[in-house]
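Q: Just a sequence and a predicted model for now, questions to come.
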Amino acid sequence: MAANSRFAMGVHALALLASDPERTVTSEEIAAGIDTNPVVVRRILSALQEAGLVSSQKGPTGGSRLAQSAKKISLAEIYQAIEKKPVFEVPYSSSKVKNAHAKKVAGAVKDVFRAADAAVVAELAGISLGQIVKKTVRK
């Protein structure tokens, strides 16, 4: 299974917006900056806009910008806006599994997976987008 890079792309896109917060940036510009397709960027920006992290304007003079200060945006907020499913997930519901062993394994790992997801979110909550942007500025 391929690694999911939407969260990393979302952080990168917001870091680009934060580097010049007064400027409206197009999805094409962001896509060029993170070496991906503008459609992928628009999907990510849509999720970030829905979460109130980005404001976007359509049309020939459109683009996106941060909806709030980079210092106020945590990586957890970005993560939760983009990733709708937990990092760790049992690929089947223990109530639907007929195999007794699989049912036991699913039940045994469910709480471990929840705790791991909570730890990921807690770690990300302690880091702001502003801190990430600050690390990218050359001295």
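A: Perfect, I can see it now. As the structure is a computational prediction, the values presented were derived from the model and not from experiment.
Q: so where do the helices sit in the chain?
A: Ranges of helices within the chain are 6-19, 27-34, 38-50, 75-82, 100-125, 129-136, based on DSSP state H.
Q: which stretch in those is the model least sure about?
A: For these, mean pLDDT drops lowest on helix 100-125, to a mean of 88.
Q: what's in contact with stretch 5-13?
A: By Cβ atoms under 8 Å, 6 or more residues apart in numbering, the residues outside stretch 5-13 that reach it are 30, 33-34, 36, 40-41, 44-45, 47-48, 75, 78-79, 81-83, 129, 132. To be clear about C-beta, it is placed using only N, CA and C from the backbone, and glycine gets the same treatment.
Q: could you redo the last one with a cut-off of 6 Å?
A: Stretch 5-13 is contacted from outside by I30, I34, I44, I78, Y79, I82, E83, using Cβ atoms under 6 Å, 6 or more residues apart in numbering.
Q: can you redo those residues as TSV with distance to K103 and neighbour count?
A: As requested, these are exported to TSV (distance: Cβ to Cβ, whole Å; neighbours: other Cβ atoms under 10 Å):
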residue	distance to K103	neighbour count
I30	45	24
I34	42	18
I44	37	27
I78	35	26
Y79	30	19
I82	32	21
E83	27	17
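Q: Closest one to V120 out of those, please.
A: For these, the closest approach to V120 (Cβ to Cβ) belongs to Y79, at 7.6 Å.
Q: Enumerate every residue touching that closest one.
A: Going by Cβ under 6 Å, 6+ apart, Y79 touches F7, L124.
Q: mind putting the helices of the chain in JSON lines, distance to G59 included?
A: Shown next, in JSON lines, are the helices of the chain (distance: least, Cβ to Cβ, whole Å):
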{"stretch": "helix 6-19", "distance to G59": "18"}
{"stretch": "helix 27-34", "distance to G59": "12"}
{"stretch": "helix 38-50", "distance to G59": "13"}
{"stretch": "helix 75-82", "distance to G59": "24"}
{"stretch": "helix 100-125", "distance to G59": "33"}
{"stretch": "helix 129-136", "distance to G59": "26"}
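Q: I'd like the distance from V87 to E123, if you could.
A: V87 is 11 Å from E123, where distance means Cβ to Cβ, to the nearest Å.
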